[in-house]
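Colleague: The sequence and its predicted three-dimensional model are supplied below.
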Amino acid sequence: MKKLKDKVAVVTGAGSGIGRALAIKLAQKGCRLALSDVNETGLKETADACTGKVEVKTYRLDVAERDAIYAHAEAVAKDFGQVNLIINNAGVALSASVREMTDEDFKWIMDIDFWGVAHGTRAFLPHLIASGDGHVVNISSVFGLIGVPKQSAYNAAKFAVRGFTEALRQEMKLEKQPVAVSCVHPGGIRTNIARAARMGASENAEAQRKGFDKLAITTPEKAAAVIIRGIEKNESRILVGPDAWGIEALNRVLGAAYQPLVERFSRKSLYV
């Protein structure tokens, strides 16, 4: 998909952060937009920033609800006549140790961060194939590359997204389907995901959020530009931010031996 003009792009989690930045940049590229979020106020603000440039429709969608995702795919296909690009971006965060996190919180993050992506992909895939020029973009994380203490649930979801997406890319090639597939691994992005995160009972929420703010070195606008460039180049793995490139290199060079380095960092920042 080297040309995005007049393509129909679906973006979940478009009410803020990376999702909003993606919507605005896709509008600048001439995409027709189907934008969704649970936050209807934020979603309207995003749509307003795109309106006048291209056709934009908004949908309230909770990606934790499987049936709602499949209904959404049908509605978008009916409203636009085709679907070319799905960006499964909606996501949440949870900081808690394996011992402390509740079953409810574990299910909450998996339903959104993994099942939302998996169902979103499967619901839109027939429409992408039918378009003759489709692309699936699933947002994982650098935490889909390495394990981090107190991020076990988030790691589980993001590693699952990575494996699911990489397998899908190979399937599309082997089946000679007209659908490209990309997995995105953002580093620290200046969004509200940390401030909206759920925390374990013993976590110092404010300290963790301040720590995240220091590590969030990439703007959503820069992240969106990198992702869209990766789409246009049909990159299988899209790394966003210098920290993402560093973590990917660390993992590639050291393999499992990266863990003592993460433990040392975590002892100073998370176990104080």
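Modeller: Received the coordinates, thanks.

Colleague: drop to CA atoms for contacts and neighbour counts, all remaining ones
Modeller: Will do.

Colleague: Assign residue 202 to helix, strand or coil.
Modeller: Three-state call for residue 202 (DSSP: H, G, I helix; E, B strand; the rest coil): coil.

Colleague: Give me the phi and psi for it.
Modeller: Residue 202 has phi and psi values of phi -100, psi 10 when expressed as degrees, to the nearest 10.

Colleague: and it, how many neighbours does it have?
Modeller: Residue 202: 9 surrounding residues under other C-alpha atoms under 10 Å.

Colleague: where along the stretch 1-150 of the chain do the helices fall?
Modeller: For the stretch 1-150 of the chain, the helices defined by DSSP state H, counting those that start in this stretch occupy 17-28, 40-50, 66-80, 103-109, 116-131.

Colleague: Mind exporting the C-alpha coordinates of the last one to CSV?
Modeller: Just to be clear, that refers to helix 116-131. Provided in CSV are the C-alpha atoms of helix 116-131 (Å, rounded to 0.1, in the frame of the first residue of the first chain):
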residue,chain,number,x,y,z
GLY,A,116,-9.3,-6.5,20.9
VAL,A,117,-6.5,-6.8,18.4
ALA,A,118,-7.2,-10.5,17.6
HIS,A,119,-10.9,-9.9,17.1
GLY,A,120,-10.3,-6.7,15.2
THR,A,121,-8.0,-8.4,12.8
ARG,A,122,-10.3,-11.4,12.2
ALA,A,123,-13.4,-9.2,11.8
PHE,A,124,-11.9,-7.0,9.2
LEU,A,125,-9.7,-9.5,7.4
PRO,A,126,-12.4,-10.7,4.9
HIS,A,127,-13.0,-7.1,3.9
LEU,A,128,-9.3,-6.4,3.5
ILE,A,129,-8.9,-9.4,1.3
ALA,A,130,-12.0,-8.3,-0.8
SER,A,131,-10.5,-4.9,-1.3
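
Colleague: tilt between that helix and helix 66-80?
Modeller: 30 degrees (axes from the mean of the first three to the mean of the last three C-alpha atoms, to 10 degrees).

Colleague: Make 220 the starting number, not 1.
Modeller: Sure, I'll start counting at 220 from here, so that last one is helix 335-350.

Colleague: Quick one: distance of helix 335-350 to the chain centre.
Modeller: Offset of helix 335-350 from its chain centre (C-alpha atoms, centre = their mean, to the nearest Å): 15 Å.

Colleague: Residues touching it, excluding its own?
Modeller: 282-285, 288-289, 292, 296, 301-305, 307-309, 353-355, 357, 380, 383, 396-398 (C-alpha atoms under 8 Å, 6 or more residues apart in numbering).

Colleague: Can you tell me which of the helices of the stretch 220-369 of the chain is most buried?
Modeller: Most buried of the helices of the stretch 220-369 of the chain, by mean neighbour count (mean count of other C-alpha atoms under 10 Å): helix 236-247, with a mean of 23.

Colleague: returning to that earlier point: in ChimeraX, select just the buried ones from the contacts of helix 335-350.
Modeller: In ChimeraX, this line selects whichever of the contacts of helix 335-350 come out buried by 16 or more other C-alpha atoms under 10 Å:
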select :282,283,285,288,289,292,296,301,302,303,304,305,307,308,309,353,354,355,357,380,383,396,397,398
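
Colleague: Which ones among the contacts of helix 335-350 map onto strands?
Modeller: Taking DSSP state E as the definition of strands, the contacts of helix 335-350 contribute 304-305, 307, 353-355, 357, 398.

Colleague: With that, I have no additional questions.
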